[in-house]
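Chemist: Provide a 3D model corresponding to the input given below.
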Amino acid sequence: MSTDETPARLGAAVAELHRLLRRSTVRRANRPALPEAQVELLLVVRAHPDISVKETARRLGTAPNTVSTLVGDLAGAGLLHRERDPGDRRLVLLRLTDAAWQRMADYERHRAELLADALAALDPAARRALAEALPHLPRLAALITPGD
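Modeler: The predicted structure follows:
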């Protein structure tokens, strides 16, 4: 594969893997899929408990009113807890509920099982090649991700 093809092929492969994993994991978990925007918000809140709506919007690169709508939907679904900052009552702080923690853990367990099964079906050389590429993926992501 020439290097000019590598970015397009890598992007297509990662997108297809993500799509298939998401669809198969949701089916295996036997619950409706959350919209991608809600999942992204939950991941930010999981990584930064007690984050404000404004900071969440900044990290997601979206408008605060968009995040407020997502927060309302997730709070209504019992997946997000919001409370006023005692030091600055204008700020709303976000935390995952126990239900969200459980849902995310279930999803990640099902996803890991799907990947383990698929990896086991590959030949040893392919498994080794993927394992050798793994340490480079976080660095690749960091080069793409705008700084926080």
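
Chemist: could you export stretch 45-61 as CSV, CA atoms only?
Modeler: Once non-C-alpha atoms are left out, stretch 45-61 reads as follows in CSV (Å, rounded to 0.1, in the frame of the first residue of the first chain):
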residue,chain,number,x,y,z
VAL,A,45,-18.4,13.6,32.0
ARG,A,46,-17.0,10.2,32.9
ALA,A,47,-13.5,11.5,32.3
HIS,A,48,-14.2,14.8,34.2
PRO,A,49,-16.7,14.4,37.0
ASP,A,50,-18.3,17.6,38.2
ILE,A,51,-17.6,19.3,34.9
SER,A,52,-19.7,22.4,34.0
VAL,A,53,-22.0,22.5,31.0
LYS,A,54,-19.9,25.3,29.5
GLU,A,55,-16.6,23.3,29.9
THR,A,56,-18.3,20.2,28.4
ALA,A,57,-19.4,22.3,25.4
ARG,A,58,-15.8,23.5,25.0
ARG,A,59,-14.4,20.0,25.1
LEU,A,60,-17.0,18.8,22.6
GLY,A,61,-16.5,21.8,20.3
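
Chemist: list the buried residues of the strand ranked longest in the chain.
Modeler: If you go by DSSP state E, the chain has its longest strand at strand 88-96. Applying a neighbour-count criterion of 16 or more other C-beta atoms under 10 Å, the buried positions in strand 88-96 are 91-96. Where you see a C-beta, it was placed from the backbone N, CA and C, and this is true even at glycine.

Chemist: just checking, next helix/strand downstream of it?
Modeler: Toward the C-terminus, strand 88-96 is succeeded by helix 98-121 as the next helix or strand (DSSP states H and E).

Chemist: what's that next one in contact with?
Modeler: Around helix 98-121, the neighbours that count as contacts under C-beta atoms under 8 Å, 6 or more residues apart in numbering are 21, 24-26, 28-29, 31, 42, 46, 74, 78-80, 96, 127, 130.

Chemist: average pLDDT across that helix?
Modeler: Averaged across helix 98-121, the pLDDT comes to 96.

Chemist: could you do stretch 137-148 as well?
Modeler: In the prediction, stretch 137-148 has an average pLDDT of 82.
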